[in-house]
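> Here is the input, now give the coordinates:
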Amino acid sequence: MIILKDISKTYSTVTAVRKADLEIPANCIFGIIGRSGAGKSSLLRVMSLLEKPDTGEVYYGGERVDTLKGNELLLRRRRMGMIFQNFNLLGSRNTAGNISYPLEIAGLSKKQIEKRVDELLELVDIPDKKKARMRELSGGQKQRVAIARALAASPEVLFCDEATSSLDPQTTRSILSLIRDLKERLNITVVLITHQLNVIREICQNVAVMNEGFIIESGNVDTVFNSPKEKATQELLHV
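Modelled structure (predicted):
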């Protein structure tokens with residue numbers, strides 16, 4: 001379980017996250033939704049330990065992690081995977097090279113890396129793209145490479161920051177189906193940031209709604225979407 005307590009984060013004069021409290025159960029797909037500028041990505045960066053909160057606490061499985069430093073912080077981050085809207089792949093490397101990058105950093109041998117890369121290519125269903133250059137791949141295939149790279153170190157949590165926003169509807173459904181399947185097969189927690197209502201409805205079990213830096217409501221997707229309590233949620237859902 002991931003627990004956020006009283007999280008606030010300010011950049012210069014802009015407060016992106018305000019007194020956020022949230023509990024994310026283990027082994028679920030949890031969505032965080034809100035309009036552009038609501039604070040979703042800022043909350044994700046704090047939750048994934050890419051940035052420290054100005055106030056508040058972050059817990060993973062009962063262990064406080066926002067105070068970790070040095071090697072302890074590095075080891076904790078290796079237990080997380082991250083995928084992005086724009087893929088963040090290395091154009092100078094082929095598919096295998098992109099997937100192997102975090103394994104090289106972790107110090108695995110060439111034999112270990114090759115074995116793991118082959119496993120991951122099968123897992124995301126692109127075994128025939130092992131030597132493909134990034135310019136040769138479609139958007140959906142690039143996102144599969146990014147997912148494979150994020151899973152390379154066998155993380156406990158997979159963070160998805162607008163991972164389907166640049167994809168067409170058919171490819172989006174394919175990627176969401178893959179994420180759902182990976183969650184079941186690997187028994188991981190998925191935290192998904194998006195502004196797309198259809199993505200939340202399609203894949204998430206629980207959802208939190210953000211507005212102007214605040215988490216204004218959270219709970220089961222059906223409950224929140226069918227009976228929104230807050231005006232901002234109603235407006236977001238066009239209720």
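> Next, Ile193: secondary structure please.
Following DSSP: H, G, I helix; E, B strand; the rest coil, Ile193 is assigned to strand.
> Hmm, I typed the wrong one, I wanted Asp21.
strand.
> residues contacting it?
By Cβ atoms under 8 Å, 6 or more residues apart in numbering, Asp21 lies in contact with Leu4, Lys5, Asp6, Ile7, Ile215. From N, CA and C alone the C-beta is placed, and that goes for glycine too.
> Does anything pack onto the helix or strand the third one falls within? Which helices or strands?
Secondary structure from DSSP states H and E places Asp6 in strand 2-11. Other helices and strands packing on strand 2-11, by 3 or more Cβ pairs under 8 Å, 6 or more residues apart in numbering; DSSP states H and E, are strand 14-24, helix 40-47, strand 55-60.
> picking up where we left off before, pull out the buried members of the contacts of Asp21.
Leu4, Lys5, Ile7, Ile215 (16 or more other Cβ atoms under 10 Å).
> Adding pLDDT, write these out as CSV.
Below are the buried ones among the contacts of Asp21 laid out as CSV (pLDDT from 0 to 100):
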residue, pLDDT
Leu4, 97
Lys5, 97
Ile7, 97
Ile215, 97
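> Domain ranges for the chain, per the record?
Here the domain parsing of the chain from automatic domain parsing is 2-79+155-237, 89-154.
> returning to what we had before: and the contacts of Asp21, which is closest to Lys110?
Leu4 (39.7 Å; Cβ to Cβ).
> Does that closest one touch Tyr60 like I think?
No. In this structure, Leu4 is not within contact of Tyr60 by Cβ atoms under 8 Å, at 10.6 Å.
> pLDDT score for Ala163?
pLDDT for Ala163: 88.
> can you pull the contacts of it?
Contacts of Ala163 (Cβ under 8 Å, 6+ apart): Ile83, Phe84, Gln85, Gln143, Ala146, Ile175, Ile179, Leu192, Thr194.
> Max pairwise distance over the residues you listed: which two?
Taking Cβ to Cβ, the two most distant members of the contacts of Ala163 are Ala146 and Thr194; they sit 15.7 Å apart.
> Could you measure from the nearest residue to Phe84 once chain neighbours are set aside over to Met80?
Setting aside the residues directly before and after it, Phe84 is nearest to Asp161 in space (Cβ to Cβ, 6 or more residues apart in numbering), at 5.2 Å. Asp161 sits at a distance of 12 Å from Met80 (criterion: Cβ to Cβ, to the nearest Å).
> Quick check: which element contains the residue of the chain most remote from its centre?
Residue farthest from the centre of the chain, counting by Cα atoms, centre = their mean, is Lys111 at 28.9 Å. Assessed by DSSP H and E, Lys111 sits inside helix 110-123.
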